[in-house]
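Student: Let me see the structure of the following:
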Amino acid sequence: MKMILRAAAAAAGLAVLATGALAADWTPPGPIKLMIAFRAGGGADTQARLIAEELEARHGWKIIPEQVTGKGGLNAAKAISGENPDGTAIAMIVTETLGYNLRAANAGSPDMVTPLTTTAGSQMAVVALTSAGYKTLADVIAAAKGGTAIRFGVMSPSLADLAYVIGKENGIEFNIVSVKGGKAVMNGLTAGDIDVGFGAGIQAKAVSAGDMVELASVKSEPLANSPDAPMLTEFGVEFYNDTMFMLAGPKGMDPAARAAISAAIQDIVNDPNSKANQFIAKGFGGAVTISGDELDAIIAKAYSDADALMAASAE
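Tutor: Presented below is the predicted three-dimensional model:
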């Protein structure tokens, strides 16, 4: 099985290397600019801002959030790469930014930034309205083979490729509709503009309420809300998407700043009493904190493995 942005399940919750003591040994030389690669008001933006609030409350650091959106996080990655590496600038992106997105755009290598820590995984699933009548992805495939045109909402180039591969491996062709963000996928489903789509966790509330159904896990493991949903391997697809949210700093970041900021963020997202942890638990299936050499290795592999998915989608 090819590894597309895969974080081993054993790593979740076990790679907490930092403590509050490390953060206490370092003080930023000025306010910290927090670039957020996601639109204002979305789940990722909310997660980033809750972390920022807690950093200020716990450490007295001044955090200044700002939106730097576009190109699947590449605009934020490029912007952060040129900032002062003294710890006064960080960015919230996803591992996919430094993996598939960077490779597909041929825009450089992952070492253009300094990875700090992941904060959460995603509950990536193929989602549909319950009222559509589909129980699993097998029902969607059967409908498509029966002549029903299926509009498939995607929110990134890698997911567009993955949707194409799902169709190709099952002898069908989806009408792939690209939208901006997971909320747009949910809105498209609700409005009837698309029939199925990828959700990275934003669908959790609707699934719990019975309004939406997760038809298949797009992760390398079962979904938190729908553990019985089939895996993509059951449909002949060898790819999956284990995208994680992460913070990064400029290239060549001061090691002391890297360790301290990573430690402070991990303490927050792993604290069950923090608003950030509670939000992540509800929307993203729980905190996932990976840093240091392990995170560097995950990103490097995601970058190199992107070629396999692009090749499969080009066949």
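Student: Can you give me the distance of residue 169 to residue 296?
Tutor: Taking CB to CB, to the nearest Å as the measure, residue 169 and residue 296 are separated by 32 Å. Where you see a C-beta, it was placed from the backbone N, CA and C, and this is true even at glycine.
Student: I should have written residue 80 there, sorry.
Tutor: 16 Å.
Student: Would you mind telling me which of the two has more residues around it?
Tutor: residue 80 (28 against 15; other CB atoms under 10 Å).
Student: now what about the helix or strand hosting that one, what contacts it?
Tutor: Following DSSP states H and E, the helix or strand that holds residue 80 is helix 74-81. Outside of helix 74-81, the residues within contact range by CB atoms under 8 Å, 6 or more residues apart in numbering are 35-37, 68-69, 89-93, 97-98, 101-102, 105, 107, 112-113, 248-251.
Student: now with 7 Å?
Tutor: For helix 74-81, the surrounding residues in contact (CB atoms under 7 Å, 6 or more residues apart in numbering) are 35, 37, 68-69, 89-91, 93, 97-98, 101-102, 105, 107, 112-113, 248-251.
Student: ok, now how distant is residue 247 from residue 261?
Tutor: Between residue 247 and residue 261 the computed distance is 7 Å (CB to CB).
Student: no no, residue 144
Tutor: In this structure, residue 144 and residue 261 are 47 Å apart, going by CB to CB.
Student: One more: residue 171?
Tutor: Distance, residue 171 to residue 261, using CB to CB: 49 Å.
Student: Now do the buried residues in the strand or helix carrying residue 139.
Tutor: Here residue 139 is covered by helix 137-145, with elements defined by DSSP H and E. By 16 or more other CB atoms under 10 Å, the buried positions in helix 137-145 come out as 137, 139, 140, 141, 143, 144.
Student: Which neighbours do residue 247 and residue 261 have in common?
Tutor: Common contacts of residue 247 and residue 261, defined by CB under 7 Å, 6+ apart, comprise 90, 116.
Student: higher neighbour count, the two?
Tutor: Neighbour tally, residue 247 and residue 261, criterion other CB under 10 Å: the higher count belongs to residue 261, 28 against 25.
Student: so the more buried one touches residue 90, yeah?
Tutor: Yes - using CB atoms under 7 Å, residue 261 and residue 90 qualify as a contacting pair, with a distance of 6.4 Å.
Student: Need the overlap of contacts for the two.
Tutor: Residues touching both residue 261 and residue 90 by CB under 7 Å, 6+ apart: residue 116.
Student: ok, residue 312 to residue 26 distance?
Tutor: Using CB to CB, one gets 44 Å for the distance from residue 312 to residue 26.
Student: Give me the nearest residue to residue 132, chain neighbours excluded.
Tutor: Closest residue to residue 132 apart from its sequence neighbours, by CB to CB, 6 or more residues apart in numbering: residue 195 at 6.6 Å.
Student: Would you agree the one you found is in contact with residue 150?
Tutor: Yes - in this structure, residue 195 sits in contact with residue 150. The criterion is CB under 7 Å, and the distance is 5.0 Å.
Student: What are the boundaries of the helices in this protein?
Tutor: Read by DSSP state H, the chain holds these helices, from start to end of the chain: 20-24, 43-59, 74-81, 95-96, 102-105, 137-145, 157-169, 182-191, 204-209, 255-269, 275-284, 292-314.
Student: can I get those helices in a markdown table with distance to residue 176 and mean pLDDT?
Tutor: Output for the helices of the chain, formatted as a markdown table (distance: least, CB to CB, whole Å; pLDDT from 0 to 100):
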| stretch | distance to residue 176 | mean pLDDT |
| --- | --- | --- |
| helix 20-24 | 44 | 52 |
| helix 43-59 | 23 | 96 |
| helix 74-81 | 21 | 96 |
| helix 95-96 | 17 | 94 |
| helix 102-105 | 16 | 94 |
| helix 137-145 | 13 | 98 |
| helix 157-169 | 5 | 96 |
| helix 182-191 | 12 | 94 |
| helix 204-209 | 22 | 92 |
| helix 255-269 | 33 | 97 |
| helix 275-284 | 25 | 91 |
| helix 292-314 | 10 | 92 |
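Student: Could you identify which of these is most buried?
Tutor: Highest mean neighbour count among the helices of the chain (mean count of other CB atoms under 10 Å): helix 95-96, with a mean of 29.
Student: Could you list every helix and strand that it packs against?
Tutor: Here helix 95-96 is seen to pack against helix 292-314 when contacts are counted using 3 or more CB pairs under 7 Å, 6 or more residues apart in numbering; DSSP states H and E.
Student: what is the orientation angle of the helix it packs on with helix 157-169?
Tutor: Helix 292-314 and helix 157-169 are oriented at 50 degrees to each other (axes from the mean of the first three to the mean of the last three CA atoms, to 10 degrees).
Student: distance between helix 292-314 and the chain's centre?
Tutor: In terms of CA atoms, centre = their mean, to the nearest Å, the centre of helix 292-314 is set 14 Å apart from its chain centre.
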